[in-house]
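[1] pasting the structure only:
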């Protein structure tokens, strides 16, 4: 039943029904706690952190994500710990706490070193790192992080992941005053996400 609620939460989140997704996630978490399944409790804490952030509750999001991080470390799952700290970096980036976002993104990347099975998370952490560096006007470092992100996403063959990297590269080009390159990257991202091809 816990797995069913977990999947229902993911489906509701993808459909944009964040309150419903949070409700299902809370039910799944409670069921996992009853059977002492700490690995899945940690995953749910991470998801609850993300959902609370989407619902404009950043303080609760941070609390859930910190709990997810410590739970993952307790059960010896570095990859899930990296996912939680990467999510924390995202929250801090969007809150304007750039140095903290940079530090946490680097921590996530360190935890995920040589984990080819987590390319999505590595790419996402590189993207957050790049955006934190971009906002600090460290443009060359940001470009390197965005390139690394795109390299990861190219291996996933995911249009939406690649599009997010192209948008970030476009933002970097715009910051450098290269509006033509920025427009080309934004267009590439938009075209990659189109459902209609003909």
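    Good, I have the coordinates. Only a predicted model underlies this, so the values are computations on that prediction, with no experimental measurement involved.

[2] and the spatially closest residue to residue 159 that is not a sequence neighbour, what does it touch?
    Nearest residue to residue 159 in three dimensions, chain neighbours excluded: residue 192, at 4.5 Å (CB to CB, 6 or more residues apart in numbering). The C-beta positions use only the backbone N, C-alpha and C, and glycine is treated the same way. For residue 192, the contacting residues are 159-160, 162-163, 166, by CB atoms under 8 Å, 6 or more residues apart in numbering.

[3] Would you map the helices across this protein?
    2-14, 18-34, 38-54, 58-74, 78-94, 98-111, 119-135, 139-156, 159-175, 179-192 (DSSP state H).

[4] buried stuff in the longest one?
    Judged by neighbour count (16 or more other CB atoms under 10 Å), helix 139-156 contains these buried residues: 141-143, 145-146, 148-150, 152-153.

[5] Make CSV out of the helices of the chain and add mean pLDDT.
    Below are the helices of the chain laid out as CSV (pLDDT from 0 to 100):
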stretch, mean pLDDT
helix 2-14, 93
helix 18-34, 94
helix 38-54, 92
helix 58-74, 94
helix 78-94, 94
helix 98-111, 96
helix 119-135, 96
helix 139-156, 95
helix 159-175, 95
helix 179-192, 95
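
[6] rewinding a little: distance of the residue nearest to residue 159 from residue 109?
    With distances taken as CB to CB, to the nearest Å, residue 192 is found 25 Å from residue 109.

[7] ditto for residue 32
    28 Å.

[8] Tell me which residues touch residue 94, please.
    53, 58.

[9] what's the closest non-adjacent residue to residue 65?
    residue 49 (3.7 Å).

[10] what number of residues lie near the one you found?
    27 (other CB atoms under 10 Å).

[11] Can you tell me how far it is from residue 42?
    Remark: distance between residue 49 and residue 42 (CB to CB) = 11 Å.

[12] Spit out the residues that contact these two alike.
    Common neighbours of residue 49 and residue 42 (CB under 8 Å, 6+ apart) are 68, 84.

[13] Please list all residues in contact with residue 184.
    With the criterion set at CB under 8 Å, 6+ apart, residue 184 makes contact with residue 170.

[14] what does residue 160 give?
    Counted by CB under 8 Å, 6+ apart, residue 160 has contacts 192-193.
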